[in-house]
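>>> Next comes the sequence, and after it the predicted model I'd like to discuss.
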Protein chains: 2
Amino acid sequence: LLGVKSHMRQPRFGKRRLNVDTLVQRPDRVLVRVQDLTPENADQLIWLRARVHTSRAKGKQCFLVLRQQQFNVQALVAVGDRASKQMVKFAANITKESIVDVEALVRKVEQKIESCSQQDVELHIERIFVISQAEPRLPLQLEDAVRPDGEGEEEGRATVNQDTKLDNRVIDLRTTTSQAIFRLQSGVCQLFRETLTKKGFVEIQTPKIISAASEGGANVFTVSYFKTSAYLAQSPQLYKQMCICADFDKVFCVGPVFRAEDSNTHRHLTEFVGLDIEMAFSYHYHEVIDSITDTMVQIFKGLRDNFQTEIQTVNKQYPSEPFKFLEPTLRLEYTEALAMLHEAGVEMGDEDDLSTPNEKLLGRLVKEKYDTDFYVLDKYPLAVRPFYTMPDPNNPKYSNSYDMFMRGEEILSGAQRVHDAQMLTDRAIHHQIDLEKIKAYIDSFRYGAPPHGGGGIGLERVCMLYLGLHNVRQTSMFPRDPKRLTP
Amino acid sequence: LLGVKSHMRQPRFGKRRLNVDTLVQRPDRVLVRVQDLTPENADQLIWLRARVHTSRAKGKQCFLVLRQQQFNVQALVAVGDRASKQMVKFAANITKESIVDVEALVRKVEQKIESCSQQDVELHIERIFVISQAEPRLPLQLEDAVRPDGEGEEEGRATVNQDTKLDNRVIDLRTTTSQAIFRLQSGVCQLFRETLTKKGFVEIQTPKIISAASEGGANVFTVSYFKTSAYLAQSPQLYKQMCICADFDKVFCVGPVFRAEDSNTHRHLTEFVGLDIEMAFSYHYHEVIDSITDTMVQIFKGLRDNFQTEIQTVNKQYPSEPFKFLEPTLRLEYTEALAMLHEAGVEMGDEDDLSTPNEKLLGRLVKEKYDTDFYVLDKYPLAVRPFYTMPDPNNPKYSNSYDMFMRGEEILSGAQRVHDAQMLTDRAIHHQIDLEKIKAYIDSFRYGAPPHGGGGIGLERVCMLYLGLHNVRQTSMFPRDPKRLTP
């Protein structure tokens, strides 16, 4: 131990030697969690491991704020029986973001400490040891990283731009906002799986390295594969469908999907997490829509009911309206949407795809008329959908396909799939797709295939739009775009 | 409709036109599940959708076995009031594996039907429609694909070799064995996540496209990334560790990992699913071992208690002893294991790594001595572990690292990690690793990092070894190895 005062029996402060001092043995000592500190602990002597969030020396005292994730508590080292002048000086010199072990007496405070999550107690430190020391210059300050845009501008306070945050993600992720976002994201995945498991879906694992680009070869990453080359899957769709042909009946998967698209927008990533669903249905593809929309509704409810703290935390930095949804989910047909857009002055043809601005406008019109941030747009023009989309049997200009939207932005694209090898071949020829390249795919339907449909949801978009954020990089832990491959 | 008998009011048999006939509307009709057919349904008229598993015409009758996943039921079309000669002929000509809708009367049978899962009832078909017709020649027969090795050899009955199965995976996955394997696999993932979520772990999503090969560049796949190149992650370890440095405390992730290793063995894949864990600990890395072994034990118990049908189904084709484990999990030190191997006549040095045959032998010795198929081997020689492994503070020849084994094969590799930037730099130099390439990794530890450790589990290996199978391709839905990229 460094900095030990020789006249003390046991050291009261110092720097722990890496993996040698307390870390070798397993002491009986229990480390208390910051979030558990309440007046009930008053006058108890406890041990705690936390980061030094802020530090302020003042005469013979040093005030620290100690932080664990989104929780923090005020702590004090003061010259007296249990702390020497040297100890106070040692504490005052501990760099911000360092990790310390402290032994401290919990004291109830008269006046609430507004700046901390634990407002009713403070810690009187009797021993303090540095477990891991942070470098003195941080590339960004946590308080700057959580400051709402515009706030404190007059006082000349900084905010941190997004690239600086992402370049130093390991620090940026420590902010209350980031902690809340990614805890909520973990919740989305859990709610997605729980809901589908209850509905009898089976989780599958699909390969990401594939031999042929399924949708014609555009926007696909190439991988060197021993003496040949391969591709990164743009979606698990082919494999989900094979599982349906292999009698798994209802399947889902959660995993990375890759898009080699040179799009530098607020909502495109080159790698994102797909929440994918595929299911056989009995009579009508609306059974699939019903399963997916109910799953989304269960996610929205679960977030609303179990992640209110996280939502509020994110709202402090990024204010937004609470997310609204209906039960059952609103389903509009493409032609109805076009009529709404025409009425709002938009000129577009019956078989044109929606542009991003028109999607957003439609979202606003739907919100005004129906008061929902979530809806399904059904029966897209066949011409704008992939070759494996089932045409509408009643009108060959349209198709049994749908997108789903949150706050006016697309989060899911799906359809009834063509489950007949001959029809699939005809549709591929119509789309001028090289049949040789999709042979294995088409062959999957030659040995009996039930009618089925599904869709793929973008996890990062769901989190972004649910929270009313404006950039998908905020909801991807380590985002990848055409210009960013690190950290 | 084709094949409709004109004198009947409603058609009794035929081929449904794709997406046009019943599929357009949503009839009130409820489709019954095969597994729910019991004598309680006797004399009910029900609708059912299923595959034609087998078909046998016999005079004026046609016997079908109708299958849904692992469940099947005998069905009969006989010339009479409700079926014409043409209808029986139509039924007899339906190809195996086709999907049909039938309306049938449920009848209790006198004598159990041993060959079907539903032994107490049979179906008297009154209407039968083909929903999806299978091609007449199947690339493999399901009954051959589930035949135990050696059985029926005298009668000249075939088994199906693994490549044929994998080449026609969409059919092979329909077998009872495959259905059971992948339902159990889905269970492993669920138990893994549930156990860790209960322990306070947060699920994270880590990028698979990375800018630098973390472990020196061997065995890594290269991806073309716009105008530059990138790599496929060999593990999420760097990102898990960054999450620990970012205060997530305990994290897990489930996702693909990629190894460009030209190993053509029973247990290597180039892409597999990693179940990854990383956690900060208080005082001793054995806290990490305890968390991981308890998670494995919860998985083993969950499988034993909830997947007994699946285990029995797989055992029918691939007999094996039930999987044995101890509570708490057996932990051996490397030196103890070496002593056992020395005693068994193996010659190897103190700092040598275990060869695959020695791992297997050790597994047998441990099973004999301790009666367990699962154990931890702790304190590996430092020399055989990656540069980021924490050395044993008591003996610099060893390290705070461990592997875990099931039935004598490695399923997890893990360690306490070096959490200090300077020590990590020194270790990287010792391993002659280019510091420039791992700069971002080392920098993650400059701003305070708690002591932590973790490990990565191979999902396919866990399933293979739990079930006592002998090839990891059996537990990967669409396996990837140096020679296989399809389907």
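Arrived safely, thanks for sending.
>>> only C-alpha atoms for contact and neighbour calcs from this point on.
Fine.
>>> What are the neighbouring residues in contact with A:Pro139?
A:Asn168 (Cα atoms under 8 Å, 6 or more residues apart in numbering or on different chains).
>>> just checking, it is part of a helix?
No - the assignment for A:Pro139 (DSSP: H, G, I helix; E, B strand; the rest coil) gives coil, which keeps it out of a helix.
>>> from the stretch 51-200 of chain A, which residue is nearest to chain B?
Closest to chain B within the stretch 51-200 of chain A is A:Ala134: 3.9 Å, counting by Cα to the nearest Cα.
>>> from what I can see A:Tyr231 touches A:Ala213, true?
Yes - applying Cα atoms under 8 Å, one finds A:Tyr231 in contact with A:Ala213, separated by 6.4 Å.
>>> about what we covered before: what about the residue nearest to the residue of the stretch 51-200 of chain A closest to chain B when sequence neighbours are not counted, neighbour count?
Closest residue to A:Ala134 apart from its sequence neighbours, by Cα to Cα, 6 or more residues apart in numbering or on different chains: B:Tyr447 at 3.9 Å. By other Cα atoms under 10 Å in any protein chain shown, 25 other residues sit near B:Tyr447.
>>> Got the confidence number for A:Thr159?
Looking at A:Thr159, its pLDDT is 85.
>>> distance of A:Asp353 from A:Lys379?
With distances taken as Cα to Cα, to the nearest Å, A:Asp353 is found 12 Å from A:Lys379.
>>> Over to A:Glu40?
In terms of Cα to Cα, A:Glu40 sits 60 Å off from A:Lys379.
>>> Check A:Arg331 too.
Relative to A:Lys379, and taking Cα to Cα, A:Arg331 is found at 10 Å.
>>> ok, now A:Ile209?
32 Å.
>>> And A:Glu151, by the same measure?
Distance from A:Glu151 to A:Lys379, counting by Cα to Cα: 45 Å.
>>> for A:Thr295, same thing?
20 Å.
>>> what does A:Glu310 give?
A:Glu310 is 36 Å from A:Lys379, where distance means Cα to Cα.
>>> do the same with A:Gln422
23 Å.
>>> Where do the helices of the stretch 201-350 of chain A begin and end?
Here the stretch 201-350 of chain A has its helices, by DSSP state H, counting those that start in this stretch, at A:237-245, A:286-306, A:308-317, A:334-343.
>>> Enumerate every residue touching A:Pro381.
A:Tyr334, A:Asp350, A:Glu351, A:Asp352, A:Asp353, A:Lys397, A:Tyr398, A:Ser399.
>>> now the residues you listed in a markdown table, with distance to A:Ala383?
Shown next, in a markdown table, are the contacts of A:Pro381 (distance: Cα to Cα, whole Å):
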| residue | distance to A:Ala383 |
| --- | --- |
| A:Tyr334 | 13 |
| A:Asp350 | 11 |
| A:Glu351 | 7 |
| A:Asp352 | 8 |
| A:Asp353 | 9 |
| A:Lys397 | 7 |
| A:Tyr398 | 8 |
| A:Ser399 | 9 |
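>>> Filter those residues down to the buried ones and hand me the ChimeraX line.
Provided next is the ChimeraX selection string for whichever of the contacts of A:Pro381 are buried by 16 or more other Cα atoms under 10 Å in any protein chain shown:
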select /A:334,351,353,398,399
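>>> closest to A:Val170 among the contacts of A:Pro381?
Set against A:Val170, the nearest of these by Cα to Cα is A:Asp353 (40.2 Å).
>>> Let's verify that closest one: helix, strand, or coil?
coil.
>>> That one: what's its closest spatial neighbour, skipping adjacent residues?
Nearest to A:Asp353 is A:Val384, by Cα to Cα, 6+ apart, at 6.2 Å.
>>> and the helix or strand of chain A with the lowest mean pLDDT, how far out from the chain's middle?
In chain A, no helix or strand scores lower on mean pLDDT, DSSP states H and E than helix A:439-443, which sits at a mean of 90. Relative to the centre of its chain, helix A:439-443 is centred 35 Å away, using Cα atoms, centre = their mean, to the nearest Å.
>>> so the residue of the stretch 51-200 of chain A closest to chain B sits right up against A:Glu97, yeah?
Yes - in terms of Cα under 8 Å, A:Ala134 counts as a neighbour of A:Glu97; the distance is 5.7 Å.
>>> can you list residues touching both of those two?
Both A:Ala134 and A:Glu97 are contacted by B:Tyr447, B:Gly448, under the criterion Cα under 8 Å, 6+ apart.
>>> The closest residue to A:Gln68 other than its chain neighbours: neighbouring residues, count only.
Excluding its sequence neighbours, the residue lying closest to A:Gln68 (Cα to Cα, 6+ apart) is A:Ala50, at 5.5 Å. When counting by other Cα under 10 Å, one arrives at 27 neighbours for A:Ala50.
>>> Next, A:Ala50: phi, psi?
phi -160, psi 170 (degrees, to the nearest 10).
>>> which regions of the stretch 201-350 of chain A sit below the pLDDT cut-off?
Scanning the stretch 201-350 of chain A for pLDDT under 70 picks out A:214-217.
>>> Show me what from it comes close to chain B.
Proximity of the stretch 201-350 of chain A to chain B (Cα under 8 Å from any Cα of the partner chain) is limited to residues A:202-211, A:221-226, A:242-243, A:245-248, A:255-256, A:260, A:262, A:271, A:273, A:282-284.
>>> Narrow those to those in strands?
Counting by DSSP state E, those place A:Val202, A:Glu203, A:Ile209, A:Ile210, A:Thr222, A:Val223, A:Ser224, A:Tyr225, A:Gly255, A:Pro256, A:Glu271, A:Val273 in strands.
>>> Now for those residues: which two are most distant?
Maximum distance among those (Cα to Cα): 32.0 Å, for A:Val202 and A:Ser224.
>>> Between these two, point out the one with more neighbours.
When A:Val202 and A:Ser224 are compared for neighbours, A:Val202 comes out ahead with 23 against 16, by other Cα under 10 Å.
>>> State the distance from that one to A:Gly255.
Taking Cα to Cα, one finds A:Val202 at 15 Å from A:Gly255.
>>> Likewise for A:Leu275?
Here the criterion is Cα to Cα. By it, A:Leu275 lies 7 Å from A:Gly255.
>>> before we move on, what about A:Ile311?
Distance from A:Ile311 to A:Gly255, by Cα to Cα: 25 Å.
>>> Show the contacting residues for the nearest residue to A:Gln205 once chain neighbours are set aside.
Distance criterion Cα to Cα, 6+ apart; nearest residue to A:Gln205, sequence neighbours excluded, is A:Cys253 at 6.3 Å. By Cα under 8 Å, 6+ apart, the contact set of A:Cys253 is A:Glu203, A:Ile204, A:Gln205, A:Thr206, A:Gly274, A:Leu275, A:Asp276, A:Ile277.
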